[in-house]
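**Student:** sequence below, structure please.
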Amino acid sequence: MNQEEIEKITEIINDYKNQSNKDLEKAMDFISNEFESTKQKVIVMTHHLDKLENTYNLILKEHSTRNGVK
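**Tutor:** Numbering: from 1, shown residues only. Okay, the predicted model is just below:
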């Protein structure tokens, strides 16, 4: 999506009461796509954070074992 299209979507969102149904549908499609894209990114990052935490805990446990810390 280019800058002009983004500006048009922003205009539709900011003045939605005075926009045509076609423009409202265009804005809703954009918002829906952005929502799904953002949701997928959050899911991927959540899995990444979980893996980081598990790896850290695994290494911490090994480090603690080697140094006699319980």
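**Student:** just the helices in this structure please.
**Tutor:** Taking DSSP state H as the criterion, the chain contains helices spanning 3-14, 21-66.
**Student:** okay, the ones you listed in a markdown table with mean neighbour count and mean pLDDT next?
**Tutor:** Yep, even glycine has a C-beta here, placed from its N, CA and C like the rest. Converted to a markdown table, the helices of the chain look like this (neighbours: other C-beta atoms under 10 Å; pLDDT from 0 to 100):
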| stretch | mean neighbour count | mean pLDDT |
| --- | --- | --- |
| helix 3-14 | 12 | 96 |
| helix 21-66 | 11 | 97 |
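**Student:** what separates residue 3 from residue 9, distance-wise?
**Tutor:** 11 Å (C-beta to C-beta, to the nearest Å).
**Student:** separation between the closest residue to residue 69 other than its chain neighbours and residue 56?
**Tutor:** Of all residues not flanking residue 69 in the chain, residue 63 sits nearest, at 8.0 Å (C-beta to C-beta, 6 or more residues apart in numbering). According to C-beta to C-beta, residue 63 and residue 56 sit 10 Å apart.
**Student:** now do residue 28
**Tutor:** As defined by C-beta to C-beta, residue 28 lies at a distance of 42 Å from residue 56.
**Student:** CA atoms of stretch 4-18 as PDB?
**Tutor:** Provided in PDB are the C-alpha atoms of stretch 4-18 (Å, rounded to 0.1, in the frame of the first residue of the first chain):
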ATOM      1  CA  GLU A   4      -1.500   8.000  -1.100                       C
ATOM      2  CA  GLU A   5      -3.700   5.000  -0.200                       C
ATOM      3  CA  ILE A   6      -2.700   5.200   3.400                       C
ATOM      4  CA  GLU A   7      -3.700   8.800   3.500                       C
ATOM      5  CA  LYS A   8      -7.000   8.000   1.900                       C
ATOM      6  CA  ILE A   9      -7.700   5.300   4.500                       C
ATOM      7  CA  THR A  10      -6.800   7.700   7.300                       C
ATOM      8  CA  GLU A  11      -9.200  10.300   5.800                       C
ATOM      9  CA  ILE A  12     -12.000   7.700   5.700                       C
ATOM     10  CA  ILE A  13     -11.400   6.700   9.300                       C
ATOM     11  CA  ASN A  14     -11.200  10.300  10.500                       C
ATOM     12  CA  ASP A  15     -14.400  11.400   8.800                       C
ATOM     13  CA  TYR A  16     -16.300   8.100   8.600                       C
ATOM     14  CA  LYS A  17     -19.700   9.600   9.100                       C
ATOM     15  CA  ASN A  18     -19.400  11.500   5.700                       C
END
